[in-house]
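Asks: model this:
(4 chains)
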Number of protein chains: 2
Amino acid sequence: MMNVLFKALNDPTRRQILDLLREADLTAGEIADRFAMTKPSISHHLDLLKQAGLVEATKKGQFILYTINTTVLDELLAWLLHFRQDSQPK
Amino acid sequence: MMNVLFKALNDPTRRQILDLLREADLTAGEIADRFAMTKPSISHHLDLLKQAGLVEATKKGQFILYTINTTVLDELLAWLLHFRQDSQPK
DNA sequence: CAGTTATTTAGATATTTGTCTAATTATTTA
DNA sequence: TAAATAATTAGACAAATATCTAAATAACTG
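Replies: Below you'll find the model as predicted:
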């Protein structure tokens, strides 16, 4: 849903997390290490990203590995392009 | 700035307003008439859209005409495409 | 000018959000 | 099995947000 997606993207920390995951898959702890914020706070951000389908979490032993999922952004892309009457999707 | 843009888009009423303005320019009152919400509330939403550069307001006598401005969305489009470009499924 | 219309601004309030600390769950290892 | 490590859940709280009513501003009209 569009609501959950925009909500997830409406935070600089969460967008930074997506930036990180674009480079490589990371565990929750590795992500938290890159921010001046507690692990529970990061965990909460990851939850919102997960709710939006922007990331996926897979348990690897005692770790949880987070992966970006860009396919959800196609929905946003479609929404976006429909406003730009003069240009068509490539 | 990305922050103001995402903030403006993170509300269903504001996205609906953009949808309306995609069809035609409208005055503040005409916009408010299409929602089950008071005029001051709509006025506030219009202000946030204006702050993000998504709409422009021009005074026409005692009316204020609102126009959509899609060029701001190019920034969002660029942000979006940069995720899709080089993140490959593993 | 006085009254009406269009819109915004101000102030109040309930809800949502982002963050923290403390506690809990799950897994690994000595 | 006990201790250590990884991560989440729970609960609290301040700040931000969406909404309302009332008041203010600006422009038109008789």
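Asks: Quick check: the nearest residue to residue A:38 once chain neighbours are set aside vs residue A:45, distance?
Replies: Among residues not flanking residue A:38 along the chain, residue A:32 sits closest, at 7.6 Å (C-beta to C-beta, 6 or more residues apart in numbering or on different chains). Every C-beta, even on glycine, is put in place using the N, C-alpha and C of the backbone. Distance of residue A:32 to residue A:45, given as C-beta to C-beta, to the nearest Å: 10 Å.
Asks: okay, and the common contacts of the two?
Replies: Contact with both residue A:32 and residue A:45 is made by no residue, according to C-beta atoms under 8 Å, 6 or more residues apart in numbering or on different chains.
Asks: what about the one helix or strand residue A:29 maps to and DNA strand D, touching?
Replies: In this structure, residue A:29 sits in helix A:28-33 according to DSSP states H and E. Yes: Helix A:28-33 lies within reach of DNA strand D by C-beta under 7 Å from any atom of the strand, at A:28, A:29, A:30, A:32.
Asks: show me what contacts the residue of chain A found nearest DNA strand D?
Replies: Nearest residue of chain A to DNA strand D: residue A:29, at 2.0 Å (C-beta to the nearest atom of the strand). By C-beta under 8 Å, 6+ apart, residue A:29 lies in contact with A:39, A:63.
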